[in-house]
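[1] what shape does this take:
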Amino acid sequence: MTRHSNARFAGQISRFFFAAYLVLVAAVVAHAQDAPGGPDLPAPPPPLHSIEDLNLLAGDASIPPFSDSMVNPRGGFRQSLYSKGLALRLITQLQYAQNTLAAPVAPDAQVYIGQHPYEGVNAVSNLVSDLRQLHLKRAQLFLGGVWNWASWNPAGPKAFQLWNMYFYKGWGRDRVQMKAGYISMNLEFVGLYVGGSTATGGQGVYTVLPYEVGMSYFPLTAPAAILRVKGPDHLYLKSAAQRSIDPGGGPVEVARNRTGFRFAPHGDKLVLINEGGYLRDAARDAHETWFRAGYLYNTTSYKNLATSQSESGNYCGYALLDHELLRSSLEHPDHGLYAGGSFMTVPDALNPYSRYYEARLYKEAPVERRPADLLSFVAGHTSYSRLDTNSLVAQGKTVWRSETALTGSYAVHVSPGNFLGIGMSYLYGPAITPRVSNGLTFLASWTAYF
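    Numbers count the residues shown, from 1 in each chain. A predicted model of the protein is given here:
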């Protein structure tokens, strides 16, 4: 597509989603009016407050409940804060990766995670208020800071900054939900975490395509506003407007915006994200199914790999599906065997990574007595931009044209608030350049929720 056709297509997508929102809101209202019971027999109101109102709400990924913490949710510290509508939570993670097929290369020679022993550590502190003092229901003020360190900065980046700072409000029993402020979008869109939880879904193959198009991701943040509408029959629409992350990537973004508070660094423009989907939670009479498809459009200028000129119109289209094949417990209908697949595409001329395909098979509660464990097998294939690799070859460099990764991992719920992930990942074509040998990487991570 040309730049002008990209802009027209983005406008058509935005108009389509706006019209779809109007139809969906009308359907929500009509569904509510036609619901059994009518105005004379209103449904009982939900509990006024719950400590889970202070957890992450309305995301595409979940954080374990407060009951699954190293700090007792019924203890004096947490209850004294909760009585004032507050919650303070610390999350920390350690990561390690190392290739097992060859001796480690020098630190300055590595081109993929684990080629030299990789260590990473991060800590996130969240302070959340349910704003009960303002007599608001289903509302949050969410404040979060992050410290992130990585032994290899391209895999980081290293950061000590704002993570999230936004206002959340839900209406109509959360049929309509809104967030506005500084938001890290990787928990809000696409749904990249295998199994849907930050505690167990971090191991395995993942894609960088939405991030190279400018969507914010951990540990980075950006000003944004999100609107989600839940329709009848498990349908939903979700849209966002976000200030773009720097086209140079995470390290460049941190160098230009070290605190995370900078609203609009010069040159970083608007990203529009639209996602529609079907999400049916597991129940006694239904298996879980989640289909989502979306489109990101960035008005920021990127370097064209063919012309070396700057142009706007970068985009990412994606579609993902996860479905529960077999259920292992009627008491816990979400426990079972799942299969999923992903497809993503971006313009070859503006991005070094151009296509992504993934197939996954995972088992929630693989051992009956361990309901919070997760076993997963993920196969991912990433195509590298022909324009980029041809240019490198012309410079006399060696290249891989694509990467195929096969990963098996097991996440163990060690104790309340403690998760240990162990895995192995085979990498065929682990970096664009140089053409280094394939790798078999050992992966380990430990995550603690306080």
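[2] give me the below-cutoff pLDDT ranges for the stretch 101-250 of the chain.
    The stretch 101-250 of the chain contains residues with pLDDT under 70 at 203-204.
[3] quick one, helices of this structure?
    For the chain, the helices defined by DSSP state H occupy 3-33, 76-82, 209-212, 250-256, 386-394.
[4] quick one: contacts of stretch 328-336?
    281-284, 286-288, 324-327, 337, 363-365, 368, 371 (CB atoms under 8 Å, 6 or more residues apart in numbering). (Each C-beta comes from the backbone N, C-alpha and C, glycine too.)
[5] dump it to PDB, restricted to CA.
    Written as PDB, here are the backbone C-alpha positions of stretch 328-336 (Å, rounded to 0.1, in the frame of the first residue of the first chain):
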ATOM      1  CA  SER A 328     -10.700 -31.500  33.100                       C
ATOM      2  CA  SER A 329     -12.900 -30.300  35.900                       C
ATOM      3  CA  LEU A 330     -16.600 -29.400  36.200                       C
ATOM      4  CA  GLU A 331     -15.900 -27.600  39.500                       C
ATOM      5  CA  HIS A 332     -13.300 -25.400  37.700                       C
ATOM      6  CA  PRO A 333     -14.400 -25.200  34.100                       C
ATOM      7  CA  ASP A 334     -11.400 -23.200  33.000                       C
ATOM      8  CA  HIS A 335      -9.100 -26.100  33.800                       C
ATOM      9  CA  GLY A 336      -8.300 -28.000  30.700                       C
END
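[6] buried stuff in it?
    Neighbour-count burial for stretch 328-336, counted by 16 or more other CB atoms under 10 Å, picks out Ser328, Pro333, Asp334, His335, Gly336.
[7] adding distance to Asn390 and pLDDT, write those out as TSV.
    Formatted as TSV, the buried residues of stretch 328-336 follow (distance: CB to CB, whole Å; pLDDT from 0 to 100):
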residue	distance to Asn390	pLDDT
Ser328	49	92
Pro333	51	95
Asp334	47	95
His335	48	96
Gly336	46	97
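[8] return the residues in contact with Ser83.
    Applying CB under 8 Å, 6+ apart, we find Ser83 in contact with no residue.
[9] do the same with Leu187
    Leu56, Gly59, Asp60, Ala61, Thr198, Phe218.
[10] just the buried ones from those, in ChimeraX syntax?
    Burial among the contacts of Leu187 is assessed by 16+ other CB under 10 Å; the matching ChimeraX selection reads:
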select :56,59,60,61,198,218
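[11] save the contacts of Leu187 as TSV, and put in distance to Cys316 too.
    Below are the contacts of Leu187 laid out as TSV (distance: CB to CB, whole Å):
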residue	distance to Cys316
Leu56	23
Gly59	19
Asp60	15
Ala61	18
Thr198	22
Phe218	18
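[12] Ala431: which of the contacts of Leu187 is nearest?
    Nearest to Ala431 among the contacts of Leu187 is Phe218, at 22.3 Å by CB to CB.
[13] how about the closest one, phi and psi?
    phi -60, psi 130 (degrees, to the nearest 10).
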